[in-house]
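In: Need coordinates for the below:
(chains A and B)
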Amino acid sequence: AQSVTQLDSQVPVFEEAPVELRCNYSSSVSVYLFWYVQYPNQGLQLLLKYLSGSTLVKSINGFEAEFNKSQTSFHLRKPSVHISDTAEYFCAAQDRRNSGGSNYKLTFGKGTLLTVNP
Amino acid sequence: NAGVTQTPKFRILKIGQSMTLQCAQDMNHNYMYWYRQDPGMGLKLIYYSVGAGITDKGEVPNGYNVSRSTTEDFPLRLELAAPSQTSVYFCASSPGLAGELAKNIQYFGAGTRLSVL
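Out: Residues are numbered from 1 along each chain as shown, chains lettered A, B, ... in the order given. Down below sits the predicted model:
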């Protein structure tokens, strides 16, 4: 069974400051890893994903995450945040084995609310 | 580009009432999912479907039922609403491409906020 732990439930930062949202996973099998973002009163949107290859993945709006297999982590970072980055961020894992419909399921962390203050 | 459409956006139910949350997608996706989101708890999978006529339970199926008569629609039914079912419900879909697991990104609707009083 998989589990995903987001270590911080809330992260308040000032505009233009750097931020790191932490995510650790536990799984007996290899997984794909995702970060989803949820803006207020909206559904979840995919922010970025790690499937294979380079362990550093980047989004179009300046976020990046690095897969660290030895530490079973997939932390999300941004060097300089904007007010518009205020949202809840969810880390999720998916079983890499392609052995049936159940493996399309995502296991979500509990979320981290990022609040960017002026 | 409609994507995943959920109706209604908000609903208040009395204990014991029943209702159906609607979900429709226009992306011709094979896979569809229902999640509930509770504060500080992330998302929990209620039911999922890998195609028309095929459904299966997720982590928290008790008190809910689903059906999938068409590729496009995946309604969620609450038969006897209870206060514990107060939550925000999200429907999602993914392509379900055989042999291309990595491309099966899930697309979410905007959610239905349900209160049971």
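In: Tally up the residues packed near the residue nearest to B:T70 when sequence neighbours are not counted, please.
Out: Of all residues not flanking B:T70 in the chain, B:A52 sits nearest, at 5.8 Å (C-beta to C-beta, 6 or more residues apart in numbering or on different chains). (Glycine included, C-beta is placed from N, CA and C.) Counted with other C-beta atoms under 10 Å in any protein chain shown, the neighbours of B:A52 add up to 16.
In: so B:A52 touches B:E72, yeah?
Out: No. Assessed by C-beta atoms under 8 Å, B:A52 is found out of contact with B:E72, at 9.1 Å.
In: quick one, helices of chain A?
Out: Using DSSP state H, no helices are found in chain A.
In: tell me the centre residue of it?
Out: Geometric centre of chain A, nearest residue: A:W35, 3.0 Å, by C-alpha atoms, centre = their mean.
In: list the contacts for that residue?
Out: A:23, A:46-49, A:63, A:65, A:74, A:76, A:89-92 (C-beta atoms under 8 Å, 6 or more residues apart in numbering or on different chains).
In: Return the member of those nearest to chain B.
Out: Chain B lies nearest to A:L46 out of those, by C-beta to the nearest C-beta, at 5.6 Å.
In: Now for that closest one: which residues touch it?
Out: A:F34, A:W35, A:Y36, B:I105, B:Q106.
In: could you dump the residues you listed to a markdown table with distance to B:G58?
Out: Below are the contacts of A:L46 laid out as a markdown table (distance: C-beta to C-beta, whole Å):
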| residue | distance to B:G58 |
| --- | --- |
| A:F34 | 17 |
| A:W35 | 21 |
| A:Y36 | 17 |
| B:I105 | 18 |
| B:Q106 | 13 |
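In: Only the C-alpha atoms, please, for the biggest strand by length in chain B, written as PDB.
Out: Counting residues, the longest strand in chain B under DSSP state E turns out to be strand B:42-51. Output of strand B:42-51 as PDB, limited to C-alpha atoms (Å, rounded to 0.1, in the frame of the first residue of the first chain):
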ATOM      1  CA  GLY B  42      -6.700  15.300   1.300                       C
ATOM      2  CA  LEU B  43      -8.800  13.400  -1.200                       C
ATOM      3  CA  LYS B  44     -10.200   9.900  -0.700                       C
ATOM      4  CA  LEU B  45     -11.400   7.700  -3.600                       C
ATOM      5  CA  ILE B  46     -15.000   6.700  -3.300                       C
ATOM      6  CA  TYR B  47     -15.600   4.700  -6.500                       C
ATOM      7  CA  TYR B  48     -14.000   4.500  -9.900                       C
ATOM      8  CA  SER B  49     -14.900   3.100 -13.300                       C
ATOM      9  CA  VAL B  50     -12.600   1.800 -16.100                       C
ATOM     10  CA  GLY B  51     -15.400   1.900 -18.800                       C
END
